[in-house]
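*Asks:* Everything below, folded, please.
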Amino acid sequence: VYCDQETSLGGWLLIQQRMDGSLNFNRTWQDYKKGFGSLNDEGKGEFWLGNDYLHLLTQRGSVLRVELEDWAGNEAYAEYYFRVGSEAEGYALQVSSYEGTAGDALIEGSVEEGTEYTSHNSMQFSTFDRDADQWEENCAEVYGGGWWYNNCQAANLNGIYYPGGSYDPRNNSPYEIENGVVWVSFRGADYSLRAVRMKIRPLVTQ
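*Replies:* Coordinates of the predicted model:
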């Protein structure tokens, strides 16, 4: 487990990281349940902590910090109050109280595509082998990773890692779709980010 003591008061626990495309995130429900990947002593590497841990660590309330970096070195962040349900609840996502510089892709979603179709709040987690999204097809299969899909997304930090940033969905096989590592309100759906990480810490109440 890697803790960040530098950012904004410190005490952050890293729960997800992408930085080089070295790890396949298109994995099973069981993999996302238990977690996969690893970090070195410097906190470098790609991984998902595991949905069982996310539920246990957030059931009393926590803050999520999402950190994004594009291929030009521009950085942005988003913070939310964050809770993940139990497996029986489909690891449903509860987020509120957005603040940050990246734009609110989790609650507001994509205004252009429609919040009701793209907000991730209250959505259950989906993988290619367990589909709980709001689309008649399987978002996780098409978008390349496990995530809290709606119909389907305005953010996906577990999507397919495309080096270089901008990509043409028409060249993606077998699905011609915007399935990169995306945060639509930061760089749009057809731009795959260079580095993303998700961190949590307990909700501090006065």
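
*Asks:* For Asn179, which residues are in contact?
*Replies:* For Asn179, the contact set (C-beta atoms under 8 Å, 6 or more residues apart in numbering) comprises 142-144, 156, 159-160, 169, 172. C-beta coordinates here come from the backbone N, C-alpha and C atoms, glycine included.

*Asks:* Give me the buried entries from those residues.
*Replies:* Buried members of the contacts of Asn179, counted by 16 or more other C-beta atoms under 10 Å: 142-144, 156, 159-160, 172.

*Asks:* would you turn the residues you listed into TSV with pLDDT, distance to Gly50 and secondary structure?
*Replies:* As requested, the buried ones among the contacts of Asn179 are exported to TSV (pLDDT from 0 to 100; distance: C-beta to C-beta, whole Å; DSSP: H, G, I helix; E, B strand; the rest coil):
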residue	pLDDT	distance to Gly50	secondary structure
Val142	95	24	helix
Tyr143	95	20	helix
Gly144	92	19	coil
Asn156	98	18	strand
Gly159	97	19	coil
Ile160	96	21	strand
Asn172	84	28	coil
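
*Asks:* which pair in those spans the largest distance?
*Replies:* The span of the buried ones among the contacts of Asn179, defined through C-beta to C-beta, is set by Asn156 and Asn172 at 13.6 Å.

*Asks:* okay, which residue is most central for this structure?
*Replies:* Leu157 (3.6 Å; C-alpha atoms, centre = their mean).

*Asks:* wait, doesn't that residue sit right on Glu67?
*Replies:* No: Leu157 is beyond contact range of Glu67, at 10.1 Å (criterion: C-beta atoms under 8 Å).

*Asks:* Report the set of residues contacting both of those two.
*Replies:* 196, 198.

*Asks:* Strands of the chain, start to end?
*Replies:* Ranges of strands within the chain are 3-4, 12-18, 36-37, 47-48, 62-69, 75-84, 93-100, 155-156, 182-183, 195-202, based on DSSP state E.

*Asks:* Quickly compare these and say which is most buried.
*Replies:* strand 155-156 (a mean of 30; mean count of other C-beta atoms under 10 Å).

*Asks:* Who are the contact partners of Gly37?
*Replies:* Residues near Gly37 by C-beta under 8 Å, 6+ apart: 23, 45-48.

*Asks:* Okay, now the unreliable bits of the protein?
*Replies:* Of all residues in the chain, those with pLDDT under 70 make up the ranges 3, 8-9, 205-206.

*Asks:* can you rerun that using 80?
*Replies:* Within the chain, the segments meeting pLDDT under 80 span 1-10, 173, 204-206.

*Asks:* Can you list the residue ranges for helices in it?
*Replies:* Applying DSSP state H to the chain gives helices spanning 29-34, 51-58, 115-118, 139-143, 184-187.

*Asks:* what are the phi and psi angles of the residue nearest to the centre of the chain?
*Replies:* Leu157 adopts backbone torsions of phi -80, psi 0, taken as degrees, to the nearest 10.
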